[in-house]
Each structure stands twice: as C-alpha cells, then as structure tokens.
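Visitor: sequence isn't available, so here's the structure alone:
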C-alpha cells in the first residue's frame with residue numbers, strides 16, 4: 001500500500017494503472033468496480049485525463065465486463081457527461097487509448113444504470129403526472145435502471 005500511496009503522491013493523486021483487489025467467495029458472484037470520477041468532471045490535466053480514459057477504455061471495451069453507469073436522474077441522458085463519454089468509449093471507430101478490443105455497439109445490453117439524486121428529480125417535477133412521465137422515459141431509455149437518493153452522513 002505504501003508503494004501505491006507514493007505513486008499517487010507523485011502523480012497528483014492519480015495512479016497510472018488501475019489497482020485491482022481480488023475479493024473472491026463461493027457465496028457471491030465476483031465483480032469489479034472501476035470508479036472514474038475524473039472522466040465525468042472534465043479533468044483539466046491532460047496526463048490525468050489520459051490515464052483515466054486509458055483505464056476506462058480497457059474495462060468498457062472488454063466484453064466480459066458489465067458496466068454500472070451512475071448518472072443524476074434529473075439530467076436527460078444526452079446531457080449527462082458520463083453518458084456521452086461512455087458512448088464514445090464504446091463506439092468510436094478507433095480505440096483512442098490503444099486497447100485491442102473491438103467496438104461494443106451493444107454496450108447498452110451490458111449496462112445497468114443507477115439514477116442518483118432522485119429527490120432532486122422529484123422536486124423538479126410540478127406534479128405526479130410529469131414525474132411519472134419522466135420516470136417512464138428514464139426507465140425506457142436506460143433499462144435496467146434503478147433510482148436512488150443519496151443521503152450523505154445519514
């Protein structure tokens with residue numbers, strides 16, 4: 001862990017390669033989580049952004065991985081930065097970061113979407129009818145999808 005901490009300090013808090021922890025058990029299905037906050041926050045440092053996109057491209061192009069896409073429920077899909085970036089990483093003609101995996105035009109079949117800030121979504125709707133229509137639209141667009149309200153320090 002000290003080596004990882006040192007590498008992060010030298011790179012302004014970023015690692016050049018993903019750090020993988022294998023947690024296995026015969027009691028649950030194995031899964032991996034790759035958190036890419038810099039990808040969706042438009043990282044200004046080009047080296048950091050390249051590291052993030054290289055790691056992300058590796059995972060999203062590998063057909064053995066499912067994607068858990070986390071986006072705010074109050075943003076329509078095309079306006080969510082993470083949605084735009086994920087679509088590009090799956091479907092751009094060339095792999096900008098050099099992975100050898102093929103395009104995944106069927107990536108939506110392997111994506112689960114978690115819609116966050118559901119409380120804000122509900123507050124933005126004036127009545128139940130518009131809220132229900134918005135929920136139905138999000139379900140149709142991002143099936144399977146789940147809605148959550150995040151309560152920090154709750």
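Guide: Perfect, thanks for sending it. Computed from a prediction, not measured in an experiment: that's the story for all the values here.
Visitor: which SSE is immediately downstream of the helix or strand hosting residue 47?
Guide: In the assignment (DSSP states H and E), residue 47 maps to helix 46-61. Downstream of helix 46-61, the next assigned helix or strand under DSSP H and E is strand 67-72.
Visitor: what's the first helix or strand after that following strand?
Guide: helix 81-91.
Visitor: now the very next helix or strand once past that following helix: buried residues?
Guide: Moving toward the C-terminus from helix 81-91, the next helix or strand (DSSP H and E) is strand 111-116. For strand 111-116, burial by neighbour count (16 or more other C-beta atoms under 10 Å) applies to 111, 113-116. C-betas here are computed from N, CA, C, even on glycine.
Visitor: same question for stretch 48-63.
Guide: Neighbour-count burial for stretch 48-63, counted by 16+ other C-beta under 10 Å, picks out 48-49, 51-61.
Visitor: just stretch 62-76 next, same as before
Guide: 67, 69-71, 73-75.
Visitor: closest one of those to residue 123?
Guide: The closest of the buried residues of stretch 62-76 to residue 123 turns out to be residue 74 (C-beta to C-beta; 8.7 Å).
Visitor: quick check: the two most widely separated of the buried residues of stretch 62-76?
Guide: Of all the pairs that the buried residues of stretch 62-76 form, the one spanning the most space (C-beta to C-beta) is 67 and 74, at 21.1 Å.
Visitor: what about the protein, any weak spots by pLDDT?
Guide: Filtered on pLDDT under 70, the chain yields the residue ranges 1, 4, 8, 11-43, 76-81, 93-97, 150-154.
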